[in-house]
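A.B. asks: model the following, please.
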Amino acid sequence: MSPELLKYIQSQSRNKIVFFKNDIPNIKPLDVGSNLAMEIKPLLAESKVGMKSKFIIDELFSKSIEENELYGKYLALSNLGILFEPELKIDFANMLSRYSSTNTLFVQWEGEKDNETLYFLTKEKGQKINIKNLSHIVI
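C.D. replies: Numbering: from 1, shown residues only. The predicted model follows:
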C-alpha cells in the first residue's frame, strides 16, 4: 500500500472514499452491475422498482462490507453503471457519502474525474456528480 493511501485511510475525516482504476492488492470489489441486475430483475415490471431497489442495494452493500488489517472495515465496489439508470432514482453522491461515513469506500471508477466532479462515462456525454464535499483520494 502506498504511504499516501495509508495516511489517508488513517486520517479522521467525515468520509473516506478511494477512487481507483487498477486492482488493489487484497481488495475484491463487489460487481454491483451483475449482482444488482440479478436481484432487481423480478421487480422490473413493478411500479416502485426505484424504492425497492434502494432496499436491495442497502442489503447487498451491507453484506459486502469486509474487514482487513490494512484497510479496516471497507466496502469495495465496481461496475457501477446500473446505479445511473433513471428508473432506480439513485442519488449517487448521497450514496457515496452514506457508505463512506462508517467504512472506507473503495470505488473502481471507469469514468473521468476533474477537480471535485466525477463524470460517469465522459466529460462531454456523461453524468456529472459533484463530490466537492466528500473527502476522497484518487489512486
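A.B. asks: enumerate the positions of the helix ranked longest in the chain that are buried.
C.D. replies: Counting residues, the longest helix found in the chain (DSSP state H) is helix 49-63. Residues 49-50, 52-53, 56-57, 60-61 are the ones in helix 49-63 that count as buried (16 or more other CB atoms under 10 Å). Glycine gets a C-beta too; all of them are placed from N, C-alpha and C.
A.B. asks: just name the closest of the residues you listed to K89, please.
C.D. replies: The shortest gap between K89 and any of these belongs to G50, at 4.0 Å (CB to CB).
A.B. asks: excluding its backbone neighbours, what's nearest that closest one?
C.D. replies: The shortest distance from G50 to any non-neighbouring residue, by CB to CB, 6 or more residues apart in numbering, is to K89 (4.0 Å).
A.B. asks: what is the neighbour count of that neighbour?
C.D. replies: By other CB atoms under 10 Å, 11 other residues sit near K89.
A.B. asks: likewise for the one 5 residues further on?
C.D. replies: By other CB under 10 Å, 10 other residues sit near N94.
A.B. asks: give the helix, strand or coil label for it.
C.D. replies: helix (DSSP: H, G, I helix; E, B strand; the rest coil).
A.B. asks: list the contacts for it?
C.D. replies: If a contact means CB atoms under 8 Å, 6 or more residues apart in numbering, then N94 has no contacts.
A.B. asks: could you do S53 as well?
C.D. replies: For S53, the contacting residues are 36, 40, 43, 88, 90, by CB under 8 Å, 6+ apart.
A.B. asks: ok, those vs E66, which is closest?
C.D. replies: Closest to E66, out of all of the contacts of S53 and judged by CB to CB, is L36, at 18.2 Å.
A.B. asks: from the contacts of S53, which one has the minimum pLDDT?
C.D. replies: Summarising pLDDT for these: the lowest-scoring member is L43, with 76.
A.B. asks: quick check: phi and psi at that one.
C.D. replies: phi -90, psi -10 (degrees, to the nearest 10).
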